[in-house]
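Visitor: What follows is a predicted protein model with its sequence.
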Amino acid sequence: QVQLVESGGGLVQAGGSLRLSCATSGLTFSSFAWYSMAWFRQVPGKERELVAAISRKDFSNYVDSVQDRFTISRDNTKSTLYLRINSLKPEDTAVYYCAIKNDPFGRYDYWGPGTQVTVSS
């Protein structure tokens, strides 16, 4: 059974940094490397937003609002996905979710339960 668990969220002041982790289980080393992965975030009353994605070949892309502040990365040896967030802003406050998919052109197959990030001004 594939499971994802996020960690690293919390309360931080504006301008600070965080590193979110997404630990996976139930995947072999080779299958983890095959997955495309992403981080989403959601605030109450709004749709979940894709903020960063990384392909199986380590190509990454970001939503404009987080460009140059967020860095997505993966460690295939640890079966873990990361999101480094610098220069945090109050508008980054949200629940952050990691997700993975086998088909790079399909929907995300597995999701974590989310981790809360709260940025105080």
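Guide: Looks like it arrived, so ask away.

Visitor: Quick check: chain neighbours aside, which residue is closest to Gln116?
Guide: Gly9 (4.9 Å; C-beta to C-beta, 6 or more residues apart in numbering). Glycine gets a C-beta too; all of them are placed from N, C-alpha and C.

Visitor: again with Val43
Guide: Closest residue to Val43 apart from its sequence neighbours, by C-beta to C-beta, 6+ apart: Ala94 at 4.8 Å.

Visitor: Could I get the full set of strands for this protein?
Guide: Counting by DSSP state E, the segments of the chain that form strands are 3-7, 10-13, 18-25, 36-42, 49-54, 60-62, 70-75, 80-85, 94-101, 110-111, 115-120.

Visitor: strands paired with the first one, and their directions?
Guide: Read that as strand 3-7. strand 18-25 (antiparallel) (DSSP bridges).

Visitor: and the strand it pairs with, average pLDDT?
Guide: The average pLDDT within strand 18-25 is 97.

Visitor: Report the separation between the residue nearest to Leu83 when sequence neighbours are not counted and Thr28.
Guide: Nearest residue to Leu83 in three dimensions, chain neighbours excluded: Leu20, at 4.3 Å (C-beta to C-beta, 6+ apart). Separation of Leu20 from Thr28 (C-beta to C-beta, to the nearest Å) stands at 23 Å.

Visitor: The two: which has the busier surroundings?
Guide: When Leu20 and Thr28 are compared for neighbours, Leu20 comes out ahead with 23 against 9, by other C-beta atoms under 10 Å.
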